[in-house]
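Participant: Have a look at this prediction, sequence included:
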Amino acid sequence: MPDKIVPLRNVQVTDLHWRQQYLKSLQMKDAHSIGPGKIIRRKRDGSLEYLGDELTIEEPLEIRIGRKTLATTMRTPGHDDELAAGFLVSEAIVREPREIAGISETRDNVVIVDLAAGVKVKLNSVQRFGTISSSCGICGKTSIDAIRQNFAAIKSVNVRIHIDTLLSLPRKLREAQIDFARTGGIHAAGIFDMNGELKIAREDIGRHNAVDKVIGRSLLDGTLPSGRHVLLVSGRASFEIVQKTLAAGIPIIAAVSAPSSLAVDFARESNQTLIGFLRPPAFNIYSHVERVILEAR
């Protein structure tokens, strides 16, 4: 039971200044009145309570190829091997699982990828360098035109998903978001088949990292390119999310929130179906509507 901070004599007080002074007096008595993992929450009825809270973890991960540092990304720990593999796919460094000889993790937030014999890394302006924040995965890119040249447009034309199946995806992804249920501050990405079965779901504080994790899992499982699958993200559909989806060969991208103008343009040029604001029963289709069966069953 959390300890409640209530006005003296249980009289409801609405004077905000009084409450600030009250909290200040608590802090003067105990400099650690808000301890680790604790918060002071103001509830709808105006009362205050002191209770525990769970936060999404954000830590740096250094991705290396052998001894060479490729990038450092801010991520939520877990599935770091998948994140590294997906990152390499998204950066057009590897395209097949046989190109990776092994992935090892250290206790110092470092993941080391050893490439197979004969696989050479050609680093150019497309690759990201430096530290990648949890909110931006494309920071550091110097040429969007160069990105476009790395991945061919989607070729499949006979892949279709029914509207009822599409509308069922957000609920299924939400049910798989264990960390979001605890913290409320983490993104998710999920890969589904055309029947709406969830194949892979991953969470991360960064949208782009969550996508890298599901793509990396697909690469390690040998299921790339994923030409008969749908990618769903819990947030916005940025240009980079669409680009990563193209790198994985996924023809349909859906997002719970809005796409960017560049994401829409890129999806149209890359023959990808882009769906935004997927909040049943509503959604918007921005490109290549032919892959969605809109008639009722």
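Facilitator: Thanks, I have it. Quick caveat, the model's predicted, so the values are computed rather than measured.

Participant: When you work out contacts or count neighbours from here on, use the C-alpha atoms and nothing else.
Facilitator: Fine.

Participant: Against residue 72, how distant is residue 186?
Facilitator: In this structure, residue 186 and residue 72 are separated by 19 Å, where distance is defined by C-alpha to C-alpha, to the nearest Å.

Participant: Surely residue 214 and residue 200 touch.
Facilitator: Yes. Residue 214 lies in contact with residue 200 (C-alpha atoms under 8 Å); the separation is 6.1 Å.

Participant: Show me whatever sits in contact with both of these two.
Facilitator: With C-alpha atoms under 8 Å, 6 or more residues apart in numbering applied, the overlap between the contact sets of residue 214 and residue 200 consists of 190, 191.

Participant: which one of the two has more residues nearby?
Facilitator: Using other C-alpha atoms under 10 Å, the more surrounded residue of residue 214 and residue 200 is residue 214, with 27 against 18.

Participant: Kindly provide the distance from residue 235 to residue 258.
Facilitator: Between residue 235 and residue 258 the distance, using C-alpha to C-alpha, works out to 8 Å.

Participant: Likewise for residue 223?
Facilitator: Going from residue 223 to residue 258 by C-alpha to C-alpha gives 28 Å.

Participant: what about those two, which has more around it?
Facilitator: Here residue 223 and residue 258 are set side by side on neighbour count (other C-alpha under 10 Å), and the busier one is residue 258, at 17 against 14.

Participant: ok, residue 102 - contacts?
Facilitator: For residue 102, the contact set (C-alpha under 8 Å, 6+ apart) comprises 113, 114, 115.

Participant: Let's see which of those residues end up in strands.
Facilitator: Taking DSSP state E, the ones among the contacts of residue 102 that sit in strands are 113, 114, 115.

Participant: Give me the pLDDT for the second one.
Facilitator: You'll see residue 114 listed with a pLDDT of 95.

Participant: beta partners of it?
Facilitator: Applying DSSP bridges to residue 114 yields these beta-bridge partners: residue 102.

Participant: That one and residue 64, how far apart?
Facilitator: Counting by C-alpha to C-alpha, the gap from residue 114 to residue 64 is 9 Å.

Participant: Could you do the first one as well?
Facilitator: Computed with C-alpha to C-alpha, the distance linking residue 113 and residue 64 is 6 Å.

Participant: would you say residue 275 is within a helix?
Facilitator: No. Membership of residue 275 in a helix is not supported by DSSP: H, G, I helix; E, B strand; the rest coil, which gives strand.

Participant: From residue 252, how far out is it?
Facilitator: The span separating residue 275 from residue 252 equals 8 Å under the rule C-alpha to C-alpha.

Participant: what about the strands in the stretch 151-297 of the chain?
Facilitator: Residue ranges of the strands in the stretch 151-297 of the chain, as given by DSSP state E, counting those that start in this stretch, are 161-162, 187-193, 198-204, 229-233, 252-255, 273-279, 282-287, 292-293.
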